[in-house]
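A.B. asks: Based on what follows, work out the 3D shape:
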Amino acid sequence: MSKKPIETLRKRPRLIEETSTDEVHAPLDIKHMMHVPQQEDSSNDCGLYTCLFAEYISNDIFYMHSIDIDAKYHRQRYATILWHYGRIKNEDGVISESEVTGTVASKFGGPRIAKEHVPDITNYPTPRPHTRNLK
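C.D. replies: As a prediction, the model looks like this:
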């Protein structure tokens, strides 16, 4: 095993301290919010809640105590946004940002894929919401 990962682990506390403060060495300002919407214990929607909180905060909405989150609605909303984004990319023949800019094929150095090898998904059926019968 290389010594480099071990050296990095030893330096970790110092690296965290150096990167968590700005040039003036002011500590990061953290606000603890009370009474924010929370997912149910049996739910696996932590990613959804994280995305929603990031979206609210980026729109300067910090007081979320009166917001009732409908997880099903937001799952469908995000799925629709991603589906639409993928459809637009397919219509333009784009595989990734690197195909547009022509710089790098992927983060991992993978091969470039010619546009004629990209599967055509424009004729795939539009996703339809499924209703569950809980009886």
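A.B. asks: can we go C-alpha only for contacts and neighbour counts from here?
C.D. replies: OK.
A.B. asks: Outline the domain layout of this protein.
C.D. replies: Domain ranges of the chain: 33-69, 70-135, per automatic domain parsing.
A.B. asks: weakest of the ones you listed by average pLDDT?
C.D. replies: Here the lowest mean pLDDT among the domains of the chain goes to domain 70-135, at a mean of 63.
A.B. asks: any idea which element Ile61 lies in?
C.D. replies: Using DSSP states H and E, Ile61 sits within no helix or strand.
A.B. asks: now do Ile30
C.D. replies: Using DSSP H and E, Ile30 sits within no helix or strand.
A.B. asks: What's the separation between it and Thr50?
C.D. replies: 17 Å (CA to CA, to the nearest Å).
A.B. asks: So the two - more neighbours on which side?
C.D. replies: A direct count of neighbours by other CA atoms under 10 Å for Ile30 and Thr50 places Thr50 higher, at 11 against 6.
A.B. asks: Where does the more buried one fall, secondary structure wise?
C.D. replies: Per DSSP H and E, Thr50 falls inside helix 46-58.
A.B. asks: other SSEs contacting that helix?
C.D. replies: Using 3 or more CA pairs under 8 Å, 6 or more residues apart in numbering; DSSP states H and E, the elements in contact with helix 46-58 are helix 71-91.
A.B. asks: No further queries at this time; thank you.
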